[in-house]
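Q: Sequence and predicted structure below; questions after.
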Amino acid sequence: MQQAVRIAPSILSADFARLGEEVREVDRAGADWIHIDVMDGHFVPNITIGPDVIRALRPHSDLPFDVHLMIAPTDPYLEAFAEAGADIITTHVEASAHINRTVQHIKSLGKKAGVALNPGTPAQAIQPMLGDIDLVLVMTVNPGFGGQAFIPGQLDKIRELRARIDASGRTIDLEVDGGINKMLAPKAIAAGADALVAGSATFSGSDYGENIAALRGALSTAGRAAAFSG
Ligand code: DX5
Ligand code: ZN
């Protein structure tokens, strides 16, 4: 079942010199989750932050920390991310030869387990894990950088994932990550997403509240249009 839409600002687009303050600001501005992109310069062509930065940010917000691991290997670091304060730990199917073991490991740490799919990976890759996972993350850009353009072909994959999740009968978040803005948000939601990562769309200008409200406003406009036309 599609749930109420959650907005997850990606701090990749925040001012890294003022990261604690930036997290407090998006918390105050109405974010639902804080999306934290961890990159290793090996699985993806960029290097960002590790568990120590997440631990330092933890006191700045009570919102769930949605930690997106773009690292390989993943397993040796799961405990460190759990202890640092992650609430959701998402790992890429492409990063692990033993994704089921990785998911079980995350669950054993008492955290929600997510599985991410790169644009080139088909929806069916999550099928064997639907009984265990709490979240599916669909990459709508190639992972590595904020501010890239949404890949429209991924909308079909979002639809297929929604159908697979609904058929499972379990509550699994369907999160879309990459290139989301107020024009594309309604399309992702109409395709079945119920959590939206928004990096550059949140951290632009000075009024993050207005940016988050614009994303939510775009959704309710889309919802009203659908109601009136249907
Ligand atoms: C890309 C990251 C995304 C990215 C989203 O590899 O996983 O979370 O920061 O940024 P925008 O919303 O700017 O595409
Ligand atoms: Zn991400």
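A: Nice, I can see it. Ligands and ions are numbered 1, 2, ... in the order given.
Q: Give the lowest-confidence helix or strand of this protein, using mean pLDDT as the measure.
A: None of the helices or strands of the chain scores lower by mean pLDDT, DSSP states H and E than helix 208-229, at a mean of 77.
Q: Now do the contacts for Ala4.
A: Counting by CB atoms under 8 Å, 6 or more residues apart in numbering, Ala4 makes contact with Asp194. Every residue, glycine included, has its C-beta placed from N, CA and C.
Q: Just say helix, strand or coil for it.
A: Judged by DSSP: H, G, I helix; E, B strand; the rest coil, the three-state class of Ala4 is coil.
Q: Contact residues of the chain facing ligand 2?
A: 37, 68, 177 (CB under 5 Å from the ion).
Q: Take those residues and lay them out in CSV including neighbour count.
A: Listed next are the residues of the chain next to ligand 2 as CSV, based on neighbours: other CB atoms under 10 Å:
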residue, neighbour count
Asp37, 24
His68, 27
Asp177, 26
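Q: how close does the residue nearest to Asn100 when sequence neighbours are not counted sit to Asp173?
A: In this structure, Asn100 finds its nearest non-sequential neighbour in Met129, 6.5 Å apart by CB to CB, 6 or more residues apart in numbering. For Met129, the distance to Asp173 equals 14 Å [CB to CB, to the nearest Å].
Q: who has more neighbours, the two?
A: Applying other CB atoms under 10 Å to Met129 and Asp173 shows that Asp173 carries more neighbours, namely 23 against 19.
Q: For Ala213, give its distance to Thr202.
A: Using CB to CB, Ala213 is found at 11 Å from Thr202.
Q: More neighbours: those two, which one.
A: Between Ala213 and Thr202, counted using other CB under 10 Å, the more crowded position is Thr202 (28 against 15).
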